[in-house]
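Peer 1: Just a sequence and a predicted model for now, questions to come.
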2 protein chains.
Amino acid sequence: MSLAPWRSILARALHRNRSLPYARYVQLATVRPNGKPANRTIVFRGFLEETNQLKFVTDDRSEKPKQIESCPWAEVCWYFPNTREQFRIAGKLSLIDHMNPEEKLQKARQQIWQELSDSARLQFAWSHPGQPRATADTFLPPAPSQTEPLEQFCLLLLEPNEVDHLELRGDPQNRYQYHLKETGWLVEEVNP
Amino acid sequence: MSLAPWRSILARALHRNRSLPYARYVQLATVRPNGKPANRTIVFRGFLEETNQLKFVTDDRSEKPKQIESCPWAEVCWYFPNTREQFRIAGKLSLIDHMNPEEKLQKARQQIWQELSDSARLQFAWSHPGQPRATADTFLPPAPSQTEPLEQFCLLLLEPNEVDHLELRGDPQNRYQYHLKETGWLVEEVNP
């Protein structure tokens, strides 16, 4: 595999915005089984080794798994405040749960669990997300294993096929679209 | 009409994050005619008078009008960095274009045009967004009228029916869901 041409541009944005912890927060849009859109903030956790796939984590009790099952397409919107630029990254999601048979992906799921902070891991042991508020003690579960992920912990992968990069700082603004074709990535400069 | 109960909570978040100009930027998710989601950053421009409808502006040459025509549902994701809280605001979009017959809405469209900065107004006179990059001179059009909106300028309204408010700062985090029922807004505390 070769690094997609937008990867170095995104890496530069991440570097120039590294003073802001929330520059790694992106908004992930999916489609609900009823056809309406859903949109939430999610933390970018790097790229899956030797691929252009973005890594995220999620709880399989959240709404995402059902949405991905009925429509695997997603679009991430990523705004970088320091450099005033936006990436819209569209592609297909895959959910890597504890049943996934692919060894390489199970390993990636385990590794990302190990990289989480203790408090981030603990949240996967909390009561069912989105259900009526549970009693306070259910939010004080015993600390889960630091090495073996809880069953509900999932790795979420986004395989991009379209990237739209907008630089608001240009005068006029600059905008580039990257399309994944059979022969590779094609770049086009478009009007903002 | 009565102010929805999430309005004061959102107003407080806006106030506490007012040091960040980009705290007024939100991510708007819609569904494309092909059923895939779209997601982009857009500037919040206040509420339509005497309603709970959020105001935005858009260009009718952008992709949004076609998406709204095939699916009017949207979800805004709004992350506030200073207070570490998120609002997910779901509802129905209406596009108020230059042909809209409702006087009150035409007036709101004209007023928001007048409130824009000169440079924001000028962008509506630029070449067709998303088309192959036009020559530099097409980005130097004569300044449009400060009072009469260009034809392609649209007011975009979001009428919310579901709001999900997450406070990351709580320990455990706090999360509230607001649902619009026939009798009014219903609030529910749920697990984060």
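Peer 2: Alright, I've got the coordinates.
Peer 1: Can you tell me the closest non-neighbouring residue to the residue nearest in space to the middle of chain A?
Peer 2: In chain A, the centroid-proximal residue (C-alpha atoms, centre = their mean) is residue A:56; its distance is 3.9 Å. Nearest residue to residue A:56, sequence neighbours excluded (C-beta to C-beta, 6 or more residues apart in numbering or on different chains): residue A:156, at 4.2 Å. Just so you know, the C-beta spots here come from the backbone N, C-alpha and C atoms, and that holds for glycine as well.
Peer 1: and stretch A:16-32, anywhere near chain B?
Peer 2: Yes - applying C-beta under 8 Å from any C-beta of the partner chain, one finds stretch A:16-32 touching chain B at A:20, A:22, A:25, A:27, A:28, A:29, A:30, A:31.
Peer 1: Quick one: list the elements packing against the strand ranked longest in chain A.
Peer 2: Longest strand of chain A, by residue count under DSSP state E: strand A:153-167. With contacts taken as 3 or more C-beta pairs under 8 Å, 6 or more residues apart in numbering or on different chains; DSSP states H and E, strand A:153-167 sits against helix A:6-16, strand A:54-59, strand A:85-96, helix A:103-115, strand A:174-181.
Peer 1: coming back round to it: the residue nearest to residue A:56 touches residue A:64, doesn't it?
Peer 2: Yes - at 7.1 Å, residue A:156 counts as touching residue A:64 under the criterion of C-beta atoms under 8 Å.
Peer 1: what do these two both touch?
Peer 2: Counting by C-beta atoms under 8 Å, 6 or more residues apart in numbering or on different chains, the contacts common to residue A:156 and residue A:64 are A:58, A:95.
Peer 1: before we move on, back to that, and the gap between the residue nearest to residue A:56 and residue A:94?
Peer 2: Plainly put, residue A:156 is 8 Å away from residue A:94 if you go by C-beta to C-beta, to the nearest Å.
Peer 1: higher neighbour count, these two?
Peer 2: Remark: of residue A:156 and residue A:94, residue A:156 carries more neighbours, 24 against 16, as counted by other C-beta atoms under 10 Å in any protein chain shown.
Peer 1: ok but residue A:187 is inside a strand, no?
Peer 2: Yes - the assignment for residue A:187, made by DSSP: H, G, I helix; E, B strand; the rest coil, places it in a strand.
Peer 1: How about the contacts made by it?
Peer 2: If a contact means C-beta under 8 Å, 6+ apart, then residue A:187 has A:5, A:176, A:177, A:178 as its contacts.
Peer 1: Repeat the analysis, applying 10 Å as the threshold.
Peer 2: Residues in contact with residue A:187, defined by C-beta atoms under 10 Å, 6 or more residues apart in numbering or on different chains, are A:5, A:6, A:163, A:165, A:176, A:177, A:178, A:179.
Peer 1: For the residue nearest to residue A:56, give me the pLDDT.
Peer 2: On pLDDT, residue A:156 comes in at 98.
Peer 1: buried stuff in the longest strand of chain A?
Peer 2: Buried positions in strand A:153-167, judged by neighbour count with 16 or more other C-beta atoms under 10 Å in any protein chain shown: A:153-161, A:163-167.
Peer 1: How about stretch A:44-51?
Peer 2: So for stretch A:44-51, counting by 16+ other C-beta under 10 Å, buried means A:44, A:45, A:47, A:48.
Peer 1: Just the closest of these to chain B, please.
Peer 2: Nearest to chain B among the buried residues of stretch A:44-51, counting by C-beta to the nearest C-beta, is residue A:44 at 13.3 Å.
Peer 1: dump the residue contacts of the closest one.
Peer 2: Shown in contact with residue A:44 (C-beta under 10 Å, 6+ apart): A:10, A:14, A:23-26, A:28, A:54-56, A:76, A:78, A:89, A:158.
Peer 1: for residue A:27, same thing?
Peer 2: Listed by C-beta under 10 Å, 6+ apart, the contact partners of residue A:27 are A:39-42, A:75-79, A:88, B:26-29, B:39-41, B:75-79, B:86, B:88.
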